[in-house]
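In: The sequence and its predicted three-dimensional model are supplied below.
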Amino acid sequence: MVNVTAYPCAGKRKSFEICLAFVRGCGGQIGTTLRDGAAAFYGVDESNVDVWRAVRARGSDYYYIDNSYFDSARQQHFRVTKNRLQHPGIGVSDGSRFRALGISLAPWRAGGAHIVVCPQSNAFMRTAAGYDGDWTQKTLARLKAQTTREIRVREWSANKGALAATLQQDLAGAHALVTWSSAAAVSAVVSGVPVIVEANDCAARFMGGTDIEALPTPERENWVGTLADNEWSLDEMSKGKAWLKLQK
C-alpha cells in the first residue's frame, strides 16, 4: 500500500468521491485526522484546514485536486498537482489530450476596452492560499492608479457552472483579466485575453505579466497541452493513471 491519505472536506459528497477515486488509484486511504505520509485534498475548508497546514508545515508531499483547467471539461476532468495548487504548464506535451477536448486557441487580442477582475472566495484565500487581507480592494486600488479603463469585478459564487457560463460574456472586448489564481485566467489565455495573476502557483503565471498596459502574448500550444496532460477523469484516477503520471 502506498502511504497516501486523502482528507476530503467534511460533509461534501463531491470532495469525498473525488478523493476516493484518487486513493483507489494509488492504494491509499481516506482519513480525517493527520497521519504519516503523503496527503491528498479536494478543496480546503474549516474542516480540514488544520491538516492542510500541518502537512505543508512538516514538508510532506501533498496532492491538490480541483476542477479542470478548461471550462469545457468541467465535471469530466479534474486537475491533480503534486506539491502545488496548480501546474505551471511547463513541460513537453504532444498535445493529444488537449486536442481531444475540442478547444481552439483564439488569436491574442491586440487591445480592449475594459479589465475583468476575478476574486476568489474569502474561504479559499484564507485557507488554501493563506492570503491575509482584502485582495479585491487592494487590486482595485492598484488598477485605478495604473489605468483609466473600465474595471468589471466578477462577484464570486459557489455555483462554478454559472460563473463559467458568463465568463465569455465578460471576456468579450476585454483588455485583460486580473486574478489571484482563478482558473478563469486559463480561460482568458485560451480566449486570447492577456492576464495578470499574482499567485506563484497559478497555472497562468508564466503566461501573464505585471504592467496592465503592456501585457505579454506568449506561445500557448505547449502550455495548454501540458495542462491537459495533468488532469484526469475519475475513472482514470481510479485506475492509477493520474498517480503514475504524477510520480514521473
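Out: Cool, got the structure. Here the structure is a predicted model, which is why all the values come from computation and not from measurement. Residues are numbered from 1 along each chain as shown.

In: in the chain, what secondary structure element scores lowest on mean pLDDT?
Out: helix 160-171 (a mean of 82; mean pLDDT, DSSP states H and E).

In: wait, doesn't residue 37 sit right on residue 23?
Out: No: counting by CB atoms under 8 Å, residue 37 stays clear of residue 23, with 11.4 Å between them. (C-beta placed from N, C-alpha, C; glycine too.)

In: Give me the common contacts of those two.
Out: 4, 5 (CB atoms under 8 Å, 6 or more residues apart in numbering).

In: who's more crowded, those two?
Out: residue 23 (22 against 15; other CB atoms under 10 Å).

In: show me what contacts the more buried one?
Out: 4, 5, 6, 29, 30, 40.

In: ditto for residue 228
Out: Per CB under 8 Å, 6+ apart, neighbours of residue 228: 69, 70, 93, 95, 97, 98, 100, 101.

In: Residue 158: what secondary structure?
Out: coil (DSSP: H, G, I helix; E, B strand; the rest coil).

In: Excluding chain neighbours, give the residue nearest to the spatially most central residue of the chain in space.
Out: Geometric centre of the chain, nearest residue: residue 183, 4.6 Å, by CA atoms, centre = their mean. Nearest in space to residue 183, with sequence neighbours left out and distances taken as CB to CB, 6 or more residues apart in numbering, is residue 69 at 5.7 Å.

In: tally of neighbours for the one you found?
Out: Quick note: residue 69 (other CB under 10 Å) scores 28 neighbours.

In: does it really touch residue 185, like I thought?
Out: No: counting by CB under 8 Å, residue 69 sits too far from residue 185 to count as a contact (9.6 Å).

In: For residue 223, give its distance to residue 112.
Out: In this view, residue 223 and residue 112 are 21 Å apart by CB to CB, to the nearest Å.

In: Those two: which has the busier surroundings?
Out: residue 223 (25 against 19).

In: List the contacts of that one.
Out: Neighbours of residue 223 in contact, by CB under 8 Å, 6+ apart: 89, 90, 189, 206, 207.

In: For it, grab phi and psi.
Out: For residue 223, the backbone dihedrals (degrees, to the nearest 10) come out as phi -60, psi -50.

In: what do you get for residue 46?
Out: phi -60, psi -20.
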